[in-house]
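In: what would the 3D arrangement of this be:
(chains A and B)
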Amino acid sequence: MRRALLSRAAPMAAALLALALPAALAGPFHLRFLAEILLLGTAVMSLDLLVGSGGLVSLGHAALFGTAAYAAAVAALHLGGNLLLVLGAGTGAALLLAALMGVAIMRSSHLFLLILTLLLGQIAWEVAFHWRAVTGGADGLRGLPPLSLGPWRLDGPRALFLLAGGLALAAHALARSFVAAPIGRALVGAREQPLRMSALGYSTARIRLRAMLAAGGIAGAAGSLYPFLNLYVGPQSVHWSLSATMIIMLVIGGVGSLWGAFLGSAVYLALQTYVSAYTDRWQLFVGVIFVLIVLLLPHGLAGAAARWRRG
Amino acid sequence: MGYAIVQVLNALSFSALLLLTGLGLSVVLSLMNFVNLAHGAFYLLGSYVAVLWLASGAPWWLAFPAAFLAAALAGALLERFPFRRFYARPHLMQVLLTYGISVILADLMRWGFGAQILTPELPAALRGVVFLFDMPFPLYRLFLIGVGAVLGLLLWLLLDRTLWGAALRAAVTDRGIVETLGIDTRRLFAAVLVLSAGLGGLSGALGAGMLAAYPGLDEEVLILALITVVVGGLGSFGGTVAGALVVGFALTFSKVWFPEFANVVAFSAMAGFLLLRPHGFVAPPLRQV
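Out: Here you go, the predicted model:
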C-alpha cells in the first residue's frame, strides 16, 4: 500500500520539481524553449494515443494542432487574448476537424489510413495557405494580443512556461485515464483483434472516432497556446512535415509510453536548436540519430529507461 | 478542341511520370511487402545525375542509363544494410526506418548538389514544341508519354511473362517451397529492390526535364507516388496504372478548372475516392483471420 502510494507520488513530485526548478532559475530564452517542448510534447503524446494504443499511424496530426493554433489566433485578434476564450476556440476547432477525420478513417487501415490522413491534413494546409483574408496566407498572422486571464496578463516567458506545464500535466493525466479506461482497452483490442472485437459487439468505427476526438482535443488545447509563444502563427504549423516531425519525436521518445513524447520533443528540439548553431547539417544528425534509434532501441528512450529500471 | 487535347496530353505526360515512379514503389510493396519511403530520394538522385550528365557534354541519351545505375547502386548498398533486416518487420517499422534514411539522403544531396534549383539542358532533339490542332505542345512531354508506356510495358512483361518473374511471384506466395527448388530468394529480393531503386532514378532523370531538381522535390514526388500506389490498390500492376491516371488527371484538370484552389479540389477528389473504396481501385480479395 505504501509502496503503491510512493510509486505514484514519486513521478508526480519529480514532474512538479521539473516544472518548479526552471521556473525559478531559467532565463527568458530557455523558458520559452521549454514551453515549446511542453506544448509540442503534449501534441505528440496525443498522437501516441492513436499510434501507440490504436495502431493508427496518422500523418495529419499537425492539421489538428495547426488548425487549433489558427482558430485561437483568429479569436484572439478579433476578441482579445482571454485564456479561456482562446483555449475554447482552438480546442473546439480541433475537435471539429478530429470528428471529420474520425469519420473518414472509420473503414481504412495501414497505408490507406496513412495516405487518407495525409490528404485530409494537406487540404487543411492548402486552406490555411490560400485563404489570405482570414489566415494571412504564407505570411501567417502576426501582432496577436498577449494572453490574459481576468485581471492578470500572462505574457511573460515564466507565465507561458507555467501555463504550458500545467496544460501538459493535465493532458498527461487525461491521456493516462483514457488508456486505462474501457475505451482505451477497447482501442488496443481493435488494433490486435478487430474481428473478435466486432464479434463481441464492439464497433471499431465508433472506438476510432472516440480515440480521434480525445487525441484531437488534447492536440487542440496544446495548439491553441502555441501561437502565443512567439505571438505568431504560420502555415508551417499545419503542414504534413510537422506531422512527420511529430512521429519522429514520438519514436525517439518511445511509442506507447505517453511520457516519452515529452522526452522525444525535448531531444528533437534541442538537436534543432543547438546542433544547428554549429553546423548546417543538423538534419543529417537528426536522421542518423533517428535511424539508430529505430535500429537499436525500437521502444525509444522511454522503453530503454523502463528496461534499465527493471534491471 | 485543341485546348482540351493539349490538356489531356498534359495529364497523360504527368501520369506517365507518376506511373514510372509509382511502379518502382509498387513493385517493392506488392512483391516484398516492403514500404520504401526512400524512393523519393532515389528519384531526386536520378534527377541530379541526369542534370549533371546533360551539362557535361557527354552523349545525351546516356544520361538515362547513368541515372538508373547511380540509383540502383545506392539501392544495392542500402539493401545490404539496413533494408534487408526489415523485410519481415511490421509496416510501421519499415516506414520509420526508410523515412529516416530519406532524411539522411536528402541532407547529403543538399550538401553535395547545393540548394538551388537545377534545370537540365535538354538536347536539341527533345527541345521545342509541336503543333497539335494549332496549339503548341512541348515535344519533351510527348517523349515522356512514349517512354512511360514502353517502360511500363517492359516491366509488365518482365514480371508477368518471364521465368524470373514467375520465380519472384512464387517466392512471394511461399518462400520456403521456392527455396527447396534451389532458388536463392535473398538474391531474388535484392534484385527487386535494386530494380526498383534504378526505376526511381530513371524516372528522376526523365522527370528532370519537366519538374527540374531541387531539395524537397524528393518528398513531393514520394507523396504523389505513394498516393498513386495507394489509390490504385496495393499489389496490382493494373491498379498502379489506374492510380497514375487518376492522380495525373485530377491534378492537371483541377489546375485548369480551379486555378486558385487546385490542390484542395484534387486532394478532396483522391480522399473521396479512398472513402468510397477504402482499399483502392483494385483490391486483392483478402481473408480476415
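In: the lowest-mean-pLDDT helix or strand in chain A: what's the following helix or strand?
Out: One helix or strand of chain A scores below all others by mean pLDDT, DSSP states H and E: helix A:2-25, with a mean of 74. Going down the chain from helix A:2-25, the next helix or strand is helix A:28-48, by DSSP states H and E.
In: from the contact counts, what lies against that next one?
Out: When contacts are defined as 3 or more Cβ pairs under 8 Å, 6 or more residues apart in numbering or on different chains; DSSP states H and E, helix A:28-48 packs onto helix A:2-25, helix A:61-79, helix A:157-180, helix A:204-225, helix A:227-230, helix A:240-253, helix A:260-270. Glycine gets a C-beta too; all of them are placed from N, C-alpha and C.
In: need the winner for burial among those helices.
Out: Stretch with highest mean neighbour count among those: helix A:61-79 (a mean of 27; mean count of other Cβ atoms under 10 Å in any protein chain shown).
In: from B:T252, how far off is the spatially closest residue to B:W164 that is not a sequence neighbour?
Out: Distances taken as Cβ to Cβ, 6 or more residues apart in numbering or on different chains put B:L158 closest to B:W164, at 7.1 Å, once the chain neighbours are dropped. As defined by Cβ to Cβ, to the nearest Å, B:L158 lies at a distance of 29 Å from B:T252.
In: neighbour-wise, which of these two wins?
Out: Just comparing B:L158 and B:T252: by other Cβ atoms under 10 Å in any protein chain shown the higher neighbour count belongs to B:T252, 21 against 14.
In: the more buried one is in contact with B:F14, isn't it?
Out: Yes. The pair B:T252 / B:F14 is scored as a contact, 5.8 Å apart, by Cβ atoms under 8 Å.
In: quick one: low-confidence parts of the stretch 101-250 of chain B?
Out: Regions of the stretch 101-250 of chain B meeting the criterion pLDDT under 70 cover residues B:235.
In: residue numbers of it in contact with chain A?
Out: Residues of the stretch 101-250 of chain B lying near chain A by Cβ under 8 Å from any Cβ of the partner chain: B:101, B:103-104, B:106-108, B:111, B:219, B:223, B:226-227, B:230-231, B:234.
In: by neighbours, which of these wins?
Out: B:V230 (32 neighbours).
In: my guess is it contacts B:R277, does it?
Out: No. Using Cβ under 8 Å, B:V230 is not in contact with B:R277; the gap is 10.7 Å.
In: distance from the chain centre to stretch A:247-255, please.
Out: With Cα atoms, centre = their mean, to the nearest Å as the basis, stretch A:247-255 stands 11 Å off its chain's centre.
In: and stretch A:176-184, by the same measure?
Out: 18 Å.
In: ok, stretch A:140-160 next?
Out: Relative to the centre of its chain, stretch A:140-160 is centred 21 Å away, using Cα atoms, centre = their mean.
In: what's the answer for stretch B:41-59, then?
Out: With Cα atoms, centre = their mean as the basis, stretch B:41-59 stands 17 Å off its chain's centre.
In: I'd like the average pLDDT over it.
Out: Mean pLDDT, computed over stretch B:41-59, is 92.
In: then stretch B:72-87?
Out: 92.
In: just the CA trace of it, in PDB.
Out: What follows is stretch B:72-87, C-alpha atoms only, in PDB (Å, rounded to 0.1, in the frame of the first residue of the first chain):
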ATOM      1  CA  ALA B  72      20.500   1.200 -58.500                       C
ATOM      2  CA  LEU B  73      23.900   1.300 -56.800                       C
ATOM      3  CA  ALA B  74      22.500   3.300 -53.900                       C
ATOM      4  CA  GLY B  75      19.700   0.800 -53.700                       C
ATOM      5  CA  ALA B  76      22.100  -2.100 -53.700                       C
ATOM      6  CA  LEU B  77      24.200  -0.600 -50.800                       C
ATOM      7  CA  LEU B  78      21.100   0.200 -48.700                       C
ATOM      8  CA  GLU B  79      19.600  -3.200 -49.400                       C
ATOM      9  CA  ARG B  80      22.700  -4.900 -47.800                       C
ATOM     10  CA  PHE B  81      22.200  -2.800 -44.700                       C
ATOM     11  CA  PRO B  82      19.800  -1.900 -43.300                       C
ATOM     12  CA  PHE B  83      16.800  -2.700 -45.500                       C
ATOM     13  CA  ARG B  84      17.300  -6.500 -45.600                       C
ATOM     14  CA  ARG B  85      16.800  -6.800 -41.900                       C
ATOM     15  CA  PHE B  86      13.400  -5.100 -42.100                       C
ATOM     16  CA  TYR B  87      11.700  -7.200 -44.800                       C
END
